[in-house]
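Asker: How does the following fold in three dimensions:
(2 chains)
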There are 2 protein chains.
Amino acid sequence: MAYLNENYLKLQAGYLFPEVARRVREFCEADPKAAERLIRCGIGDVTEPLPRAAIEAMKRAIEELGHHETFRGYGPEQGYEFLRSAIAQNDYRGRNIEIADDEIFVSDGSKCDYGYILDILGDQNKFAVPDPVYPVYVDTNVMTGHTGHARKDGSYEGILYLPCTAENNFVPEPPKEHIDLIYLCFPNNPTGAVASRAQLSRWVDYAREHEALLLFDAAYEAYISKQDIPRSIFEVPGARECAIEFRSFSKNGGFTGVRCGFTVMPKSLLARTENGRRLPLHPLWQRRWSTKSNSVSYPVQRGAEALYSEQGRKQVHALIDHYMGNAKLLRDAATDAGLEAFGGVNAPYIWVKTSQGLTSWQMFDRMLRELNVVITPGAGFGAQGEGHFRISAFNSRENAEEVARRLKKLR
Amino acid sequence: MAYLNENYLKLQAGYLFPEVARRVREFCEADPKAAERLIRCGIGDVTEPLPRAAIEAMKRAIEELGHHETFRGYGPEQGYEFLRSAIAQNDYRGRNIEIADDEIFVSDGSKCDYGYILDILGDQNKFAVPDPVYPVYVDTNVMTGHTGHARKDGSYEGILYLPCTAENNFVPEPPKEHIDLIYLCFPNNPTGAVASRAQLSRWVDYAREHEALLLFDAAYEAYISKQDIPRSIFEVPGARECAIEFRSFSKNGGFTGVRCGFTVMPKSLLARTENGRRLPLHPLWQRRWSTKSNSVSYPVQRGAEALYSEQGRKQVHALIDHYMGNAKLLRDAATDAGLEAFGGVNAPYIWVKTSQGLTSWQMFDRMLRELNVVITPGAGFGAQGEGHFRISAFNSRENAEEVARRLKKLR
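Answerer: Next up, the predicted model:
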């Protein structure tokens, strides 16, 4: 009989967001009247219409596919040159960061990329993740057999967890021991924290000393409001020798349902074989895409390209301003309600301590029942997330204002 | 230093189609005049405009994303119910095949699915592939460490190859030995062969006896013209206990650049753990999608749905008729030129023996140089493909007619 991948059996009962969805569904079925008042600040999903520039570009691209002269079939597996070049030029070279077009790999979203990247890495790597953290980093490694079994608190054997707490402003320092792969995410999901240039430099120094690899998730870079906070790991000298960056159009262009993101894989990045040969990762990544994908829908790539047009940029800025306006409202309301709140300044997430010593799932249930507001329980992001919850600022202004009003009833 | 996945180093120099592209590029650069006459019958890529029904549906869907009332963010990770239901109803239940909506998993294409499926299967499985075969089945297994090293003829240690030759009409019989996983593809790429109900039944019998799993690639089912040839492995009784089916909108709806396909994962399908527990694969596949993907672009899913509308079906039929008209022209021309030709009746590929005992890459170079026609060398599909080449019928009628004329010069 065919064997299954037993590593899947190590996974905790539910991936966080489906579990949140399940509890919300049960609540709504039991109390349809309260369900009508429900406001979702749980999953980090955008709510505002797509930028018009992207819509028009996608419609034009689809129409192109309807005519002989402009029809396109398979595109280049790593993404169309028009998009790779727009990304490299606008997000990197235009900001004095040396990234070549062919170091950009277009994908169907960052969530997918975190799984894909493990394809080209060895199973021997020791890896570290911040705690709390976006669950996909850990779960994809569990599935691939890079961890031991789960402990009672939901953590896994074989992972080095880097606690992110109020004490270190939610930015961990490099560890004393040797680690091969480190996941970092700034602006952070779920805490909303950002890392300074000095803090990122210490990580790059660590990575170069240990010849480690940084997997840097910059999906929320568009939300950075402070001038001196790096938007890319490649702003830090030396990062081209030790980092891969992950970016997404989900949270700037509102592409959560349209699906497009990319990785930046510098050609200068090396990794080792078991017997000590040092080889560049770029050809492996190139090969992974050639063999396992036919890249992203052509109209979607045209939509992503349009986000870099003059109109597209303005529309993206307006979206970011909108969500960050919500973030301010929500953070202020949480503080006014006597809650201890973090984040929400350079990121669309507010990270809040639960009241009255509740666990984060208790707080989830209380918010759902008493305020009819869906949040995300911190424990879903890791052991250190216990006692916290995440409020997402992705909402209409009207909903954000209403949630702010309701939060005051928590007093 | 971080370890890389050394299995990638076992891969042959170039994935077939990039290698074809490289040779064509070099030829065109060296002889720009001949380049102008070039006709591509190499890669199996559609050439005709998308069905109008799909275009209109996608444009409507994109416009929906531009308005508050109709905006959608993340969709269900396994695909929208509207599409899963359209597929299950039209491709299966409407043809008396028992498949539930939630046994359909929407993806960004079959090529991707062949890699994804290995996520949930164990590394202990012994597997078999037809030879010749679509290279992605083998290469994804090489990358995952399921094979040994490559031999001189391009085959890999640790794979059971099932020769598909003129002697067995390119349909292999089940082997004597035990195998856990078997890839089958009918209508076949590259040979254009189809399997009869009796032949598929023997495979299902084998799979049930050995508790093996059939990975059935039906990407070309729309090209079947003979009434009694099964379009789905699930037409064969017992297949729900031993098969996963892979389908695509690339070759019927012309979605090679739009990207959409699906897998059918019956809930009745079991696989084993090392210590002999038998568990259903469906929850693992469900979890794979929840954790590693956010499904396919919403407008693309609406486009795929529209292929099942009345207009959509008519437009798809017209596309198939067009390509199969080309297939007949090309097969007849090859035969007229004194070449031994197979396929092209229930599949858009013609599988041809090389002339004068040329190797398939020699034949590729000859066709390129003398006829300025790009074909695919059979050796790229496996050792048994040596001495053959594949002509793709995906082209305009004008080009197919011109290739037919040029083929006659081969005499």
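Asker: Tell me, how many residues neighbour the residue of the stretch 301-411 of chain A found nearest chain B?
Answerer: With C-beta to the nearest C-beta as the measure, the residue in the stretch 301-411 of chain A that lies nearest chain B is residue A:396; the distance is 7.5 Å. For the C-beta atoms, the positions are set from N, CA and C on the backbone; glycine is no exception. Using other C-beta atoms under 10 Å in any protein chain shown, the number of residues around residue A:396 comes to 14.
Asker: do residue A:386 as well
Answerer: Applying other C-beta under 10 Å, we find 18 other residues in the vicinity of residue A:386.
Asker: got a list of what it touches?
Answerer: By C-beta atoms under 8 Å, 6 or more residues apart in numbering or on different chains, the contact set of residue A:386 is A:153, A:359-360, A:378-379.
Asker: Angles on the backbone of it, please.
Answerer: Residue A:386 has phi and psi values of phi -60, psi 140 when expressed as degrees, to the nearest 10.
Asker: give the contact list for residue A:78.
Answerer: By C-beta under 8 Å, 6+ apart, the contact set of residue A:78 is A:84, A:102, A:104-106, A:286, A:289-290, A:295.
Asker: Could I get the full set of helices for the stretch 1-150 of chain A?
Answerer: Across the stretch 1-150 of chain A, reading from the start of the chain, the helices by DSSP state H, counting those that start in this stretch fall at A:16-30, A:32-37, A:52-64, A:81-87, A:110-116, A:135-143.
Asker: Take the ones you listed and write them to CSV, including distance to chain B and mean neighbour count.
Answerer: Listed next are the helices of the stretch 1-150 of chain A as CSV, based on distance: least, C-beta to the nearest C-beta, whole Å; neighbours: other C-beta atoms under 10 Å in any protein chain shown:
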stretch, distance to chain B, mean neighbour count
helix A:16-30, 6, 15
helix A:32-37, 17, 11
helix A:52-64, 5, 22
helix A:81-87, 13, 20
helix A:110-116, 4, 22
helix A:135-143, 5, 23
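Asker: Contacts only, for the residue nearest to the residue of the stretch 301-411 of chain A closest to chain B when sequence neighbours are not counted.
Answerer: With sequence-adjacent residues excluded and distances taken as C-beta to C-beta, 6 or more residues apart in numbering or on different chains, residue A:396 is closest to residue A:47, at 5.9 Å. With contact taken as C-beta under 8 Å, 6+ apart, residue A:47 is in contact with A:394-396, A:399, B:71, B:73.
Asker: Between those, which sits nearest residue A:144?
Answerer: Nearest to residue A:144 among the contacts of residue A:47, counting by C-beta to C-beta, is residue B:73 at 27.9 Å.
Asker: Which elements pack onto the lengthiest helix in chain A?
Answerer: Under DSSP state H, the helix in chain A containing the largest number of residues is helix A:310-336. The elements that helix A:310-336 packs onto, with contact taken as 3 or more C-beta pairs under 8 Å, 6 or more residues apart in numbering or on different chains; DSSP states H and E, are helix A:52-64, strand A:341-343, strand A:349-353, helix A:397-407.
Asker: Make CSV out of these and add mean pLDDT.
Answerer: As requested, the helices and strands packed on helix A:310-336 are exported to CSV (pLDDT from 0 to 100):
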stretch, mean pLDDT
helix A:52-64, 98
strand A:341-343, 97
strand A:349-353, 98
helix A:397-407, 97
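Asker: Those: which one's closest to residue A:10?
Answerer: strand A:349-353 (27.7 Å).
Asker: Show the subsequent helix or strand relative to that closest one.
Answerer: helix A:360-366 (DSSP states H and E).
Asker: got a list of contacts for the lowest-mean-pLDDT helix or strand in chain A?
Answerer: Sorted by mean pLDDT, DSSP states H and E, the helices and strands of chain A end with helix A:16-30, the least confident at a mean of 90. Residues lying outside helix A:16-30 but in contact with it, judged by C-beta under 8 Å, 6+ apart, are A:13-14, A:34-35, A:38, A:40, A:42-43, A:135, A:364-365, A:368-369, A:374, A:376-377, A:380-381, B:290.
Asker: distance of residue A:240 from residue A:214?
Answerer: Computed with C-beta to C-beta, to the nearest Å, the distance linking residue A:240 and residue A:214 is 11 Å.
Asker: Comparing these two, which residue is more hemmed in?
Answerer: More crowded of residue A:240 and residue A:214, by other C-beta under 10 Å: residue A:214, with 23 against 19.
Asker: and the angle from the particular helix or strand that has that one in it to helix A:135-143?
Answerer: Using DSSP H and E, residue A:214 sits in strand A:213-217. Here the directions of strand A:213-217 and helix A:135-143 differ by 140 degrees (axes from the mean of the first three to the mean of the last three C-alpha atoms, to 10 degrees).
Asker: going on from strand A:213-217, what's the next piece of helix or strand?
Answerer: strand A:243-248.
Asker: Format the helices and strands packed on helix A:310-336 as CSV; extra columns: distance to residue A:207.
Answerer: Putting the helices and strands packed on helix A:310-336 into CSV (distance: least, C-beta to C-beta, whole Å) gives the following:
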stretch, distance to residue A:207
helix A:52-64, 35
strand A:341-343, 25
strand A:349-353, 26
helix A:397-407, 38
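Asker: Let's test this: mean pLDDT of stretch A:271-280, rounded?
Answerer: Within the predicted structure, the mean pLDDT of stretch A:271-280 is 97.
Asker: Can you check the pLDDT for the residue nearest to residue A:185 when sequence neighbours are not counted?
Answerer: For residue A:185, ignoring the flanking residues on the chain, the nearest one in space by C-beta to C-beta, 6+ apart is residue A:217 at 3.9 Å. At residue A:217 the predicted local confidence, pLDDT, stands at 98.
Asker: Residue A:217 - how many residues pack around it?
Answerer: If we define neighbours as other C-beta under 10 Å, then residue A:217 has 28 of them.
Asker: swap in residue A:409?
Answerer: When neighbours are defined as other C-beta under 10 Å, residue A:409 has 9 of them.
Asker: Now for it: which residues touch it?
Answerer: For residue A:409, the contacting residues are A:370-371, by C-beta under 8 Å, 6+ apart.
Asker: Now render the helices of the stretch 1-150 of chain A as CSV, adding distance to residue B:410.
Answerer: Formatted as CSV, the entries for the helices of the stretch 1-150 of chain A read as follows, by distance: least, C-beta to C-beta, whole Å:
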stretch, distance to residue B:410
helix A:16-30, 59
helix A:32-37, 71
helix A:52-64, 36
helix A:81-87, 36
helix A:110-116, 43
helix A:135-143, 51
